[in-house]
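In: just a sequence and a predicted model for now, questions to come.
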Amino acid sequence: MGPNFHFVIYPINQNKEFNFISIIRKELIQEEISNRNLFKENTFISNLLNQISSKSNLNLAEKVEKITCFPIFVSKKVQIPKSKNIFLTGDAFYSFPPSFAQGASQSIEAANELFNDLKNNSSNYYKSRILKTKQISFRSSLNHFAFHLSNPLNIFFRDIVLKYISKNKTFLENYLGKIYTN
Ligand SMILES: Cc1cc2nc3c(=O)[nH]c(=O)nc-3n(C[C@H](O)[C@H](O)[C@H](O)COP(=O)(O)OP(=O)(O)OC[C@H]3O[C@@H](n4cnc5c(N)ncnc54)[C@H](O)[C@@H]3O)c2cc1C
């Protein structure tokens, strides 16, 4: 976690190769966001990498290769088509803020819910989806806020709180358990 960014690294095989993903908050004007070539420019990419690398002791600027860079779209509200015969799932229904890693999981979960709904001739799909989407979106935004803090004092207190709550069973059951179990 760092000021206005966080990253995750995970192994993809047994050959010590890793996948690296970073979410970086960056202010861009509309023209820049629309300009997809900007995200392919070497200077733009290396500036972003330096921003992360300078706050980490992992020597990322030398280690990270084959970088793909793109803006992330986050939904403002859920999409429910007017036609009663059309159901949206996944990112088309709602694109989550990226800090809870739930987009794909929820797409799969929603597809299963929709299947059961249609099979049972029920009409609960959107009701339960909206509830779950709100729960996840709230947690994702909260994570995003906490992960990207930049004030050293706030970071100090965040780290103490995280140390405590990451071992607290009640918190984990409420914060994560509600999402990971149906
Ligand atoms: C960097 C990154 C990391 C992520 N990490 C995680 C994670 O750790 N865990 C997690 O749960 N989620 C994660 N997500 C989110 C997850 O990838 C998405 O939420 C999920 O893929 C959404 O699934 P979907 O089927 O709704 O849409 P998509 O996976 O986007 O599938 C839509 C498909 O439709 C195709 N398509 C678009 N337009 C047309 C057209 N006109 N005609 C035909 N085909 C079309 C697209 O090419 C695409 O293949 C991550 C996302 C990103 C960007």
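Out: Done, it's in. Keep in mind that what you see is a predicted model, and the values were worked out from it rather than measured.

In: what about Leu49, neighbour count?
Out: Burial of Leu49 is recorded as 19 neighbouring residues (other C-beta atoms under 10 Å). Every C-beta, even on glycine, is put in place using the N, C-alpha and C of the backbone.

In: find the nearest non-adjacent residue to it, please.
Out: Spatial nearest neighbour of Leu49, chain neighbours left out: Ala61 (5.5 Å); criterion: C-beta to C-beta, 6 or more residues apart in numbering.

In: give the helix, strand or coil label for that neighbour.
Out: Recorded secondary structure, Ala61: helix (DSSP: H, G, I helix; E, B strand; the rest coil).

In: now it: how far from the ligand?
Out: Distance, Ala61 to the ligand, using C-beta to the nearest ligand atom, to the nearest Å: 20 Å.

In: now swap in Asn174 and tell me
Out: Per C-beta to the nearest ligand atom, Asn174 is found 20 Å from the ligand.

In: ok, the residue nearest to Leu49 - contacts?
Out: By C-beta atoms under 8 Å, 6 or more residues apart in numbering, the residues touching Ala61 are Ser46, Leu49, Asn50, Ser53.

In: residues making contact with stretch 121-139?
Out: For stretch 121-139, the external contacting residues (C-beta under 8 Å, 6+ apart) are 78, 80, 87, 93-94, 96-97, 100, 102, 106, 109-110, 113-114, 116-117, 175, 178-179.

In: ah, wrong one, I meant stretch 153-172
Out: Stretch 153-172 is contacted by residues Met1, Ala146, Leu149, Tyr175 when judged by C-beta under 8 Å, 6+ apart.
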